[in-house]
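just need the structure, nothing else, for what follows:
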Amino acid sequence: MITVNSQFTEMTRNPARKKPTLPWPVILYLACVVTPVRFMAGPLQMTGLRVFLLAMLPFLLIRMFRVKWIAPDILLLLFVAWVFVAMQVNTPGQALEHAGITLLEMFGGYALARVYVQTHDQFKSLIKAVLLLVLLCMPLAISETLTGDPLVVQLIRAIPGITSVDVVTIAPRLGLERVQAIFAHPIHFGLFCSSAISLVYIGLSQNMPHPTRMVASVLIVGTTFLALSSGAFISVLIQLFLIGWALVFAQVRHKWVWLLVACVVSYIFVDLVSNRTPLRVFFSYATFSPHNAYWRGLIFEWGMHNVWANPVFGLGFNDWVRPHFMNSGSMDNFWLVAAVRYGLPGFVLLTCAWVTGLIRVAKAPQSSLKTAWMFCMVGLTFTLCTVHVWTAVYSYVFFLFGAGQSLAVAAPAAAKSVPQKPAFRRPFQPEFTRAAS
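Numbers count the residues shown, from 1 in each chain. Prediction:
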């Protein structure tokens, strides 16, 4: 495995060599994520992404054994193993298939990023690729929000021998059709677009002029909005808030500790003065309507009832207990679904992998890429409390999570970007590469 230092040394010995670009497996992976092709292979439903990851998985596992393992690697593999155990206890006929899909989509996406996104330069190339995909989706989103027709999905479904994701029929919001574009659900489209906000605005602060990043960020926010998903837009609002906090309190020491204290105090205050739980208050502001807030509160309460009733192995794919008027079995909370399906051991393994990965990067030397990724992950963490993800976006979330682990290694000082020419600094123009405070 080429390390960051050896890769940089090779570049300095050969100045004519081109700057590192995104490895081809990452390019193919992103292409599969945004290409919603499905087909049947016997009794199994396959997607282009599953086929690609199935072909790559042996090489990824071999390469993984050649790098230094970190806590998230082990915890995610243990989670996959527990998924098989829990499913075998509850729904044995689906245990092998579901655990295999989890290994491919979740761990495969994560492992591909761990293996092929090794340097800060490659991470920057990844950000540019995601930005390009979001901008390419924008015309499709504008068309769909006016007509209700997901053009790419319908085109693929018209090709003999293959199919695509289902065309989602949902009531319009704010007089506009909700956009699924190239994903299985509008929530997934919104989540995918929202992931680019901090990555572009902060992560490319040394490589892209501030006006360009501002325009790109506005386009990302607008495209995300067309999904009309409150869950996905939470990620946008949280990331914008964190960016604003970093700018306004740039000179304040321990500003993130103060933010954490403010959040804890706010939680206690709401719990004391409100006749609703803080969670229900959160849902009321995190949804487009009071009905959705009430419904998500019910889902959480009854979901936890099922968790405590089946704490070890969960329910698998068995139906969960809920009031008779809750006809839909949909559960809009990724973390809660993990606890209900796989029990507390599965939930603990998954969340510990996520948290240890965040802590590992948070302890790394300060950089704009680290800040961008941390803001993105915080936004996704809250979004996953209000939405559930599967297939392509499920894999993409853990791909981003895995890619960020490369940021725990400091970029060589000489490998940093060439400083830009001095320019007039606007008030509060961001400088995200200062020493951590």
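
other SSEs contacting the strand or helix carrying residue 401?
Using DSSP states H and E, residue 401 maps to helix 391-404. Using 3 or more CB pairs under 8 Å, 6 or more residues apart in numbering; DSSP states H and E, the elements in contact with helix 391-404 are helix 24-33, helix 48-64, helix 71-90, helix 108-116, helix 120-147, helix 186-194, helix 334-362, helix 368-383. The C-beta positions use only the backbone N, C-alpha and C, and glycine is treated the same way.

what about the longest one, average pLDDT?
This predicted structure assigns helix 334-362 an average pLDDT of 96.

got the angle between it and helix 391-404?
Orientation check (axes from the mean of the first three to the mean of the last three CA atoms, to 10 degrees): helix 334-362 against helix 391-404 gives 20 degrees.

among the helices and strands packed on helix 391-404, which is nearest residue 214?
Counting by CB to CB, residue 214 lies closest to helix 120-147 out of the helices and strands packed on helix 391-404; the figure is 13.2 Å.

just the angle between that closest one and helix 24-33, please?
Using the same axes, to 10 degrees, the inter-axis angle of helix 120-147 relative to helix 24-33 is 10 degrees.

and helix 120-147 with helix 108-116, angle?
Angle of helix 120-147 versus helix 108-116, following the same axes, to 10 degrees, is 140 degrees.

could I get the buried residue list for helix 120-147?
Residues of helix 120-147 classed as buried by neighbour count (16 or more other CB atoms under 10 Å): 120-131, 133-134, 137-138, 140-141, 143-145.

circling back to that earlier point, in a markdown table, list the helices and strands packed on helix 391-404 along with distance to residue 212.
Converted to a markdown table, the helices and strands packed on helix 391-404 look like this (distance: least, CB to CB, whole Å):
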| stretch | distance to residue 212 |
| --- | --- |
| helix 24-33 | 22 |
| helix 48-64 | 31 |
| helix 71-90 | 33 |
| helix 108-116 | 26 |
| helix 120-147 | 11 |
| helix 186-194 | 18 |
| helix 334-362 | 26 |
| helix 368-383 | 15 |
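
between those, which one is closest to residue 304.
helix 334-362 (7.5 Å).

pull the distance from the helix holding residue 401 to the chain's centre.
In terms of CA atoms, centre = their mean, to the nearest Å, the centre of helix 391-404 is set 6 Å apart from its chain centre.

ok, and what's touching it?
Outside helix 391-404, the residues that touch it by CB atoms under 8 Å, 6 or more residues apart in numbering are 29, 32-34, 36, 47, 49, 53, 72, 76, 104-114, 117, 123, 126, 165, 183-184, 188, 191-192, 195, 354, 357, 361, 373, 376-377, 380, 384, 389.

let's see it at 7 Å
Under the contact criterion CB atoms under 7 Å, 6 or more residues apart in numbering, helix 391-404 has outside partners 29, 33, 47, 49, 105-106, 108-114, 117, 123, 126, 183-184, 188, 191-192, 195, 357, 361, 373, 376-377, 380, 389.

cool, and stretch 178-187?
Residues contacting stretch 178-187 (CB under 7 Å, 6+ apart): 34, 36, 137, 140-141, 144-145, 150, 152-153, 165, 168, 170, 172, 189, 192, 226-229, 231-232, 387, 390-393.

buried deepest among the helices and strands packed on helix 391-404, which one?
Mean neighbour count (mean count of other CB atoms under 10 Å) peaks for helix 186-194 among the helices and strands packed on helix 391-404, with a mean of 29.

now the angle from that one to helix 368-383?
Using the same axes, to 10 degrees: helix 186-194 against helix 368-383 is 160 degrees.

pLDDT on helix 186-194, on average?
When pLDDT is averaged over helix 186-194, the result is 95.

now stretch 192-208: how far from the chain's centre is it?
Its chain's C-alpha centre and that of stretch 192-208 lie 14 Å apart, by CA atoms, centre = their mean.

okay, and the helix or strand of the protein with the least pLDDT?
Confidence across the helices and strands of the chain bottoms out at helix 4-13, with a mean of 39, counting by mean pLDDT, DSSP states H and E.

so residue 365, which of the three states?
coil (DSSP: H, G, I helix; E, B strand; the rest coil).

re the thing from before, I'd like to know which of the helices and strands packed on helix 391-404 is closest to residue 210.
Of all these, helix 368-383 comes closest under CB to CB, at 12.6 Å.

other residues contacting that closest one?
Residues outside helix 368-383 that contact it (CB under 7 Å, 6+ apart): 120, 123, 191, 194-195, 198-199, 202-203, 205-206, 231-232, 234-235, 238-239, 242-243, 358, 361-362, 364, 397, 400-401, 404, 407, 432-433.

buried ones in stretch 198-216?
Along stretch 198-216, these residues count as buried under the neighbour rule (16+ other CB under 10 Å): 198-206, 208, 213, 216.

make JSON lines out of those residues and add pLDDT, distance to residue 63 and secondary structure.
Listed next are these as JSON lines, based on pLDDT from 0 to 100; distance: CB to CB, whole Å; DSSP: H, G, I helix; E, B strand; the rest coil:
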{"residue": "198", "pLDDT": "96", "distance to residue 63": "29", "secondary structure": "helix"}
{"residue": "199", "pLDDT": "96", "distance to residue 63": "25", "secondary structure": "helix"}
{"residue": "200", "pLDDT": "96", "distance to residue 63": "29", "secondary structure": "helix"}
{"residue": "201", "pLDDT": "96", "distance to residue 63": "32", "secondary structure": "helix"}
{"residue": "202", "pLDDT": "95", "distance to residue 63": "29", "secondary structure": "coil"}
{"residue": "203", "pLDDT": "94", "distance to residue 63": "25", "secondary structure": "coil"}
{"residue": "204", "pLDDT": "94", "distance to residue 63": "28", "secondary structure": "coil"}
{"residue": "205", "pLDDT": "92", "distance to residue 63": "31", "secondary structure": "coil"}
{"residue": "206", "pLDDT": "90", "distance to residue 63": "29", "secondary structure": "coil"}
{"residue": "208", "pLDDT": "92", "distance to residue 63": "31", "secondary structure": "coil"}
{"residue": "213", "pLDDT": "95", "distance to residue 63": "33", "secondary structure": "helix"}
{"residue": "216", "pLDDT": "96", "distance to residue 63": "33", "secondary structure": "helix"}
